[in-house]
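1. Provide a 3D model corresponding to the input given below.
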Amino acid sequence: MKTRVKPAGQLAFCSALLLVACGVGACSSNPADTPPPTITPAEAAVSPPTTRPPAGQVRPLSGNPFAALFDPATASLVALAPDKPGTAALTVVPADGATRSVALPAAATAIAGADGRVYAATRGGYFAVDVATGRVDRFDVDGQAGTEFTAIARRADGRLVLGSADGAVYTLGSDTTVAAQLKIFARVDAIVTQGDTAVVLDRGQTSVTTVDASGEKAQHALRAGEGATTLAADSMGRVLVADTRGGALLVFGTDPLMLRQRYPVRGAPYGLAATSQLAWVSQTETNTVIGYDLSTGIPVEKVRYPTVQQPNSLAFDEASGTLYVVSGSGAGVQVIPNAGVAR
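-> Numbers count the residues shown, from 1 in each chain. Next up is the predicted model:
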């Protein structure tokens, strides 16, 4: 209805066996009754007040956004924040022109975008928002009225993938029908895609898992540091993960899933933006954002900037080279043009 650990390769191999084996039921006679073992999920640090002027320009944003993306079709940043009790709002920040708000009639937990539309996960389904016009359509996923959807992504074939608070991944076959369901996680905290492969982050298990194009099978699963919190996909087939508790940037290949790089990043790394040139990581303890070049096989720092307080969300405009740093504490959005150029 429309309305200091083992070598990375050894650790990865052992973790993959453990996670996938347990996920498909080899660890219990009734795995559905045995939730996966978890740790306390890591979180962004509570940022101190800023001591340096943020680079670029700071524009106001309403609320305390917790997710953001850049929509190339409209050349706009889109940020998601709570609104009135039980509702949410998208704030659209165009490159030129006034900022505007699009109200959502229910709370939303995550966003994904493509071709001028933003999809926002909500209980029972999702919203599809036309960024240019502000039109909001709600889609209820068949048979999932009570499901708390916590993550959303769009595959290359256009299919949406939703994740839930009770640890399931739903691959849709149409706007509202479920084509496949895979329930092996403690909680699905984020999803990104590479082609038609979905990559799932479970903060409680601090793991990343690839789900095949059918949506029915977990291909590979790896431990992701000591406390992974966020992930992002780039155009080179890589997936970036912020290990906030372990103080590292993790770089995974996805065909097959493999940890290719692990680089120390101090200051509680959290926000990520994966671009064709640089990988951007925010340090929430120090109100800083750093751009790393990944092309040499080890991350190489190219630029760093002071940011607004609580730089939890990052987005990047490939066409103009503009980096957006969105504050999670109400300090607005920082706009840094030509961000990859050392100054």
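
2. what about residue 136, how many residues nearby?
-> The burial count assigned to residue 136 is 16, neighbours taken as other CB atoms under 10 Å. For every residue, glycine as well, the C-beta is placed using N, CA and C.

3. residues in contact with it?
-> Residues counted as contacts of residue 136 (CB atoms under 8 Å, 6 or more residues apart in numbering) are 102, 103, 104, 105, 127, 128, 129, 130.

4. rerun that using 6 Å as the cut-off
-> Listed by CB atoms under 6 Å, 6 or more residues apart in numbering, the contact partners of residue 136 are 127, 129.

5. so it versus residue 40, what's the distance?
-> To residue 40, residue 136 is 35 Å away according to CB to CB, to the nearest Å.

6. tell me the centre residue of this structure?
-> Nearest to the centroid of the C-alpha atoms of the chain, with distances taken as CA atoms, centre = their mean, sits residue 231, at 4.7 Å.

7. show the pLDDT at that residue.
-> Model confidence at residue 231, expressed as pLDDT, equals 97.

8. the protein: helices as residue ranges?
-> Residue ranges of the helices in the chain, as given by DSSP state H, are 8-23.

9. beta-bridge partners for the residue nearest to the centre of the chain, please?
-> On DSSP bridges, the residues paired with residue 231 through beta bridges are residue 241.

10. low-confidence stretches in this structure?
-> Residues of the chain meeting the criterion pLDDT under 70: 1-35, 343.

11. restrict stretch 250-257 to CA atoms and write it as CSV.
-> Included here for stretch 250-257 are C-alpha records, laid out as CSV according to Å, rounded to 0.1, in the frame of the first residue of the first chain:
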residue,chain,number,x,y,z
LEU,A,250,39.1,0.5,8.4
VAL,A,251,39.1,0.1,4.6
PHE,A,252,37.4,-3.1,3.3
GLY,A,253,37.2,-4.5,-0.2
THR,A,254,33.9,-6.1,-0.9
ASP,A,255,34.5,-8.7,-3.7
PRO,A,256,35.2,-10.7,-1.5
LEU,A,257,34.9,-8.9,1.8
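
12. hmm, who's touching that stretch?
-> Where contact means CB under 6 Å, 6+ apart, the residues beyond stretch 250-257 that reach it are 194, 210, 220, 222, 224-225, 237-241, 243, 259-262.

13. selecting buried members of those in PyMOL, what would you type?
-> Applied in PyMOL, the following selects the buried portion of the contacts of stretch 250-257 according to 16 or more other CB atoms under 10 Å:
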select buried, resi 194+210+220+222+224+225+238+239+240+241+243+259+261+262
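
14. nearest to residue 311 among the contacts of stretch 250-257?
-> Distance from residue 311 was checked for each of the contacts of stretch 250-257 by CB to CB. The minimum falls on residue 240, at 15.7 Å.

15. double-check the closest one against residue 272; I have them as touching.
-> Yes - with contacts counted by CB atoms under 6 Å, residue 240 reaches residue 272, the gap being 5.3 Å.

16. got any residues that touch both of those two?
-> Any residue near both residue 240 and residue 272 by CB under 6 Å, 6+ apart counts here, and that gives residue 232.

17. any idea how far apart the tips of stretch 70-82 sit?
-> For stretch 70-82, the separation between the terminal residues is 19 Å (CA to CA, to the nearest Å).

18. check stretch 77-96 too.
-> Separation of the first and last residues of stretch 77-96 by CA to CA is 11 Å.

19. and what of stretch 107-115?
-> 23 Å.

20. what are the contacting residues of that stretch?
-> Contact partners of stretch 107-115, identified using CB under 6 Å, 6+ apart, comprise 67, 69, 71, 73, 80, 86, 88, 118-122, 150-154.

21. out of those residues, which are inside strands?
-> Among those, the ones falling in strands (DSSP state E) are 67, 69, 71, 80, 88, 118-122, 150-154.

22. and the residue lying closest to residue 185 once chain neighbours are set aside, how many neighbours?
-> On the basis of CB to CB, 6 or more residues apart in numbering, the spatially nearest residue to residue 185 that is not a chain neighbour turns out to be residue 167, at 3.7 Å. Residue neighbour count, defined by other CB under 10 Å, stands at 21 for residue 167.

23. ok, residue 167 to residue 158 distance?
-> Using CB to CB, one obtains 25 Å as the distance from residue 167 to residue 158.

24. ditto for residue 261
-> Applying CB to CB, one obtains 31 Å for the distance of residue 261 from residue 158.
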